[in-house]
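Colleague: Got a sequence here, can you build the structure:
(chains A, B, C and D)
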4 protein chains.
Amino acid sequence: MRVGVLTGGGDCPGLNAVIRAVVRRGVRDYGFEFVGFRDGWRGPLEGDAVPLDIPAVRGILPRGGTILGSSRTNPLERPDGVERVKANIAALGVDAVIAIGGINTLGYARALSDEGVPIVGVPKTIDNDIPGTDYTFGFHTAVDIATGAIDRLHTTAESHKRVLVVEVMGRRAGWIALHAGLAGGANVILVPERPFDLDRVCQWVETRFEATYAPIVCVAEGAVPADPSVIPPLPEGVNTDVPFPGVGEWLSREIEKRTGHESRATVLGHTQRGGTPSPYDRWLATRFGLNAIEAVKNGRFGQAVVLRGARIELEELSVLTGGLKLADPELYEEAEVFFG
Amino acid sequence: MRVGVLTGGGDCPGLNAVIRAVVRRGVRDYGFEFVGFRDGWRGPLEGDAVPLDIPAVRGILPRGGTILGSSRTNPLERPDGVERVKANIAALGVDAVIAIGGINTLGYARALSDEGVPIVGVPKTIDNDIPGTDYTFGFHTAVDIATGAIDRLHTTAESHKRVLVVEVMGRRAGWIALHAGLAGGANVILVPERPFDLDRVCQWVETRFEATYAPIVCVAEGAVPADPSVIPPLPEGVNTDVPFPGVGEWLSREIEKRTGHESRATVLGHTQRGGTPSPYDRWLATRFGLNAIEAVKNGRFGQAVVLRGARIELEELSVLTGGLKLADPELYEEAEVFFG
Amino acid sequence: MRVGVLTGGGDCPGLNAVIRAVVRRGVRDYGFEFVGFRDGWRGPLEGDAVPLDIPAVRGILPRGGTILGSSRTNPLERPDGVERVKANIAALGVDAVIAIGGINTLGYARALSDEGVPIVGVPKTIDNDIPGTDYTFGFHTAVDIATGAIDRLHTTAESHKRVLVVEVMGRRAGWIALHAGLAGGANVILVPERPFDLDRVCQWVETRFEATYAPIVCVAEGAVPADPSVIPPLPEGVNTDVPFPGVGEWLSREIEKRTGHESRATVLGHTQRGGTPSPYDRWLATRFGLNAIEAVKNGRFGQAVVLRGARIELEELSVLTGGLKLADPELYEEAEVFFG
Amino acid sequence: MRVGVLTGGGDCPGLNAVIRAVVRRGVRDYGFEFVGFRDGWRGPLEGDAVPLDIPAVRGILPRGGTILGSSRTNPLERPDGVERVKANIAALGVDAVIAIGGINTLGYARALSDEGVPIVGVPKTIDNDIPGTDYTFGFHTAVDIATGAIDRLHTTAESHKRVLVVEVMGRRAGWIALHAGLAGGANVILVPERPFDLDRVCQWVETRFEATYAPIVCVAEGAVPADPSVIPPLPEGVNTDVPFPGVGEWLSREIEKRTGHESRATVLGHTQRGGTPSPYDRWLATRFGLNAIEAVKNGRFGQAVVLRGARIELEELSVLTGGLKLADPELYEEAEVFFG
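Modeller: Sure thing, here's the model as predicted:
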């Protein structure tokens, strides 16, 4: 059997660990052959593939990025996309595809699967917002980095009696803010799932100053105020895949204006999504890979590997791509006990 | 309501995070009062307690160790132990106890609970061998440290064409070895659950030298050879809470002797169980604490908080203390694809 | 003898390590007493001081921030500033002051020293731009954090064929950019000391894309283009202690516009100046403290501790405050061999 | 010009950074060609070399180990060693050799240089015991790792009222123990340069228990008791390149026996010498490489690059190999103020 592997979407620590596990088990346990498609779905669409064997995946476990490259190419945008993918796969002698990616990449996988392309999916997102799985790899690495940053900001907040606002990733779901905020001991956590009341935020800041002086506000990049009329019009040319770009900087200025306490914002940005995966994510990515190739062997096409507790299971691609997994309101309320 | 908190057994990153969450939610949401018992079950046994309030738990989230001290005291060893614990608890006006500890500490909790002491348990072990919960806090911190060490050893193995044996914690269960070995890309992983065949180990080492030269052997401190007759007699005065103390050093010498390749052993030791908890463990410990105090409020005595997937649930103390959670043979076999 | 200690200026990892070493050696070796002035020169100006002894400095070695608080208060701004400082010092029975701070804090120290206040200085800046000393503590911690961020950005640059611009601290001197850029393998490094030619930057980016695709541009926050007319007018309310606020974001947009390659900016911000000091900085800060109190004992007022090679020496405060130590052009040229 | 590069001796983070800088500057600034000798002096002795160009050194800056391999081969042990080295170098068209290594590797370099082989040396040792240079690369990485371990051990010592002995590298010089012990806040530091008095050590442990309970004893692997008669006879087959193998374990047992306080030993071992170099060491190794190839260009054979303050200078190989740079007694006394 010959299997094609591709990685699509944004960078995410653990992609290489999946590829390595897939190839290693496929070759050693099942005698499969492999090709790597380059740059996500662009590879099958354009027939761009490279050979993939055990020597090719040696040493890549701890490396961030993806040896196959990535892209956001949507093969279904082209009228002949499905046919081209099928033709290229056939021409390369590929019997099955393992698609590693986020909601978009897996969404294309699902559509192609419905058209008869034999695909097994591997969910990937640092945002942790794919349904059907407890966690995705990359997420805990992002949380580690964001928590490390919050740890560092505490001392500056304390020594300088300042508010420090830290903006973390999370466009639609606040998982990173929630986990890193809780782990870092933030005094306010703001997530996209729950529009925030600026007065309430300022109250928490004041309460914190009464007890000690180190208010850390951890805000997801996708968070928005409850009153959208306060959002200033966007400057020209600003990226708009979040409802309120620059929310962290804005919040910092508003807090300073309203409470009179000096405030500074830090935007963590891309450092959260690159670099070596954490041990947790290497373990999860490796186990996803091992189970994905087993699913291929068992002909479980149209499905994806997911984490349930400490076990890897299979789930329909339609479940993973049917919506977003938002942070549970109960979890958020649980965290509020640390606010202020 | 007045609640007593204690921490028992070996050091484990996250103990302070549990204490902080318990107190914070107890005071803010339920208006409870708290006392901290000193040094595990020695505190209730001897009536040694300190006041515990929100200022007392400020800033302890990222700190390793426990502000309450710990011990391995078994209150049941004394004939009047149960009565003394009850009397001291009554004298301090304590209505419920939160016991944070491993299998022994929770075992005493269970026995006391059977005698009518109102107790909620919080499982703790870096070894991850308590049943009924997917993971315990402290475990992923230990895996992070062990994996970081393995990452560093790879380059020495490669540059010097040596075998490097790394001995990690895990007296009865091989979870740390399995996770860190997989995450660190070890070429052989040996766990207590499966006695090892030295010839097979040497074969894997040889195979690795054929492909490249960097065999890393990750061995749990509780691993044993399948043929116990090869275990040398213990030198006088050596600690014997593992069946084969010094297994890492022995393995290193045997591999060198049998394969002719130079070999070195590193024993990670106590660095695995101290220091700041990882963000994952801060999150888990915090959520355990938040849910433990809620269980107290709801009168769920004789139970303990456990992790199931991404949720915290309650389970009978008898389930947590009824045996050891060993590493699944299937997981171990899954990992074997990376051996050699 | 009774000694007052103060910390002034921005946050800097290692301040607490200096305080601890000063107090520890002062008490144990010389039998001195100590007071801590609160919030830099505001303490002596307003007579705000706290007792300082060995128990007060226990455990603070690894902690960022400063237990004494900090401020940018200039005691010389008030007409009666010198007299008030002298009167408050006398009232507290303080015989000598150890002032730990950057160019401003040490500048006030120098002026007060000229007026007869017995002061020993300890230089502090993460920017490393104080003359007379090879390095200051805090600098290598900032370099560690910035390099860690660059390490992480590489994989995203590679996997996504993007340019990644990382803006690091350094308003007037480019030491952090130079060290972190070199240690992180950046492909372009831009420093305040040498205004940059945007065309040349784009050329380096293109060269890098030819060889591989991972151009990392490391730019100091104080860097400016050689042609200042390209600097856009500042938006209202923007902080202006650098000549071109937002240089990183601007550079990223310009590179994308001119080369056609996608580009993203990351601004590291305050994470570079808080948190636990690196071992190097703990060592340097500790040795500065040990030698500062010895200088007090020897009556070496008007001087400051400095690092020369592996030795701590004393230097006139006038030398440390007489200008800025800029990055050597030769060092910058040495680094250029890695550009492109 | 064609230059051969070799790396000899034990693993040391930064070797690859030197190789990269040498090749990069040699090719780009001077148009040189390069070959890499494999496995230290074995390469020139046996004529074993590989081509070395810019693509070959891409991406190796952050990687531990050495892409050229290493060995302890002494080319002078063979009667025809010098002639063979000369002949092989000539056969490969090599005009100059850059030898990167410790005291042994540089010692062979010096002898060959005296015989007319054109060599520039680059000093390397994690032990920091080579004279003529303030620091060597690898040292600060080892200090970082050892300090991180001590940081972790503190909480276990505190929570369990235990003594924790940590044995670090340093066979003949105590630099790592001194730096890591000081940076980690150890309560006793023992170095090879100053044989220790066990009674004094136990006194310090007791003093510490009086103030708080967390005695950390940081001992270099080469430390010895002042009274050598207490050293137990070596078990058969034990490595003897230190005067008292197992000094850490022994010390732990003796402290427990004499003070009655529980004590545990941790031996950090090879984790101190592998893995990615710290930013400081990447900077130093890179600058050593840049200056070594410039020395070749300028015909400065028989010399080596050294660090003096923040500058790289050249020094005679005879100075670097003429003895050991031991830790200054004054530094050790300075540190004693933190003991107990």
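Colleague: hang on, A:Val306 is in a strand, isn't it?
Modeller: Yes - assessed with DSSP: H, G, I helix; E, B strand; the rest coil, A:Val306 lies in a strand.
Colleague: Without its sequence neighbours, what residue ends up closest to it?
Modeller: What sits nearest to A:Val306 in space, not counting adjacent residues and going by C-beta to C-beta, 6 or more residues apart in numbering or on different chains, is A:Thr133, at 3.7 Å. Any C-beta I mention is one placed from the backbone N, CA and C, and that applies to glycine too.
Colleague: Quick one: distance of the helix or strand harbouring A:Val5 to the chain centre.
Modeller: Using DSSP states H and E, A:Val5 sits in strand A:2-7. Its chain's C-alpha centre and that of strand A:2-7 lie 21 Å apart, by C-alpha atoms, centre = their mean, to the nearest Å.
Colleague: Would you indicate which residues of it are buried?
Modeller: Of the residues in strand A:2-7, A:Val3, A:Gly4, A:Val5, A:Leu6, A:Thr7 count as buried by neighbour count, 16 or more other C-beta atoms under 10 Å in any protein chain shown.
Colleague: does A:Ile103 really touch A:Asp127, like I thought?
Modeller: No - look at A:Ile103 against A:Asp127 with C-beta atoms under 8 Å: they stay out of range, at 9.3 Å.
Colleague: Neighbour count for those two, which is higher?
Modeller: Counting neighbours by other C-beta atoms under 10 Å in any protein chain shown for A:Ile103 and for A:Asp127 shows that A:Asp127 has the greater number, 26 against 21.
Colleague: Model confidence for A:Asn239, exactly?
Modeller: You'll see A:Asn239 listed with a pLDDT of 59.
Colleague: Likewise for A:Leu234?
Modeller: 77.
Colleague: my read is it is in a helix, agree?
Modeller: No - assigned with three-state DSSP, A:Leu234 falls outside any helix and is coil.
Colleague: Against C:Glu262, how distant is it?
Modeller: According to C-beta to C-beta, to the nearest Å, A:Leu234 and C:Glu262 sit 20 Å apart.
Colleague: Next: A:Trp250.
Modeller: Distance from A:Trp250 to C:Glu262, by C-beta to C-beta: 25 Å.
Colleague: So between those two, which is more surrounded?
Modeller: Set side by side, A:Trp250 and C:Glu262 show more neighbours around A:Trp250, with 20 against 13, by other C-beta under 10 Å.
Colleague: Can you give me the distance of that one to chain D?
Modeller: Taking C-beta to the nearest C-beta, to the nearest Å as the criterion, A:Trp250 is separated from chain D by 33 Å.
Colleague: Over to A:Gly148?
Modeller: For A:Gly148 relative to chain D (C-beta to the nearest C-beta), the value is 14 Å.
Colleague: Within range of chain B, give me the residues from the stretch 51-200 of chain A.
Modeller: With C-beta under 8 Å from any C-beta of the partner chain as the criterion, the stretch 51-200 of chain A meets chain B at residues A:54-55, A:58, A:61-62, A:134-135, A:140, A:143-144, A:147-148, A:151, A:179-180, A:182-185.
Colleague: Sort out which of those are buried, if you could.
Modeller: Here, 16+ other C-beta under 10 Å leaves A:61-62, A:134-135, A:140, A:143-144, A:147-148, A:151, A:179-180, A:182-185 buried among these.
Colleague: just those now: which is nearest C:Cys12?
Modeller: Checking those against C:Cys12 with C-beta to C-beta, the nearest one is A:Asp151 at 16.3 Å.
Colleague: Just confirm that closest one contacts B:Pro62, I think it does.
Modeller: Yes - if you go by C-beta under 8 Å, A:Asp151 and B:Pro62 touch, sitting 6.2 Å apart.
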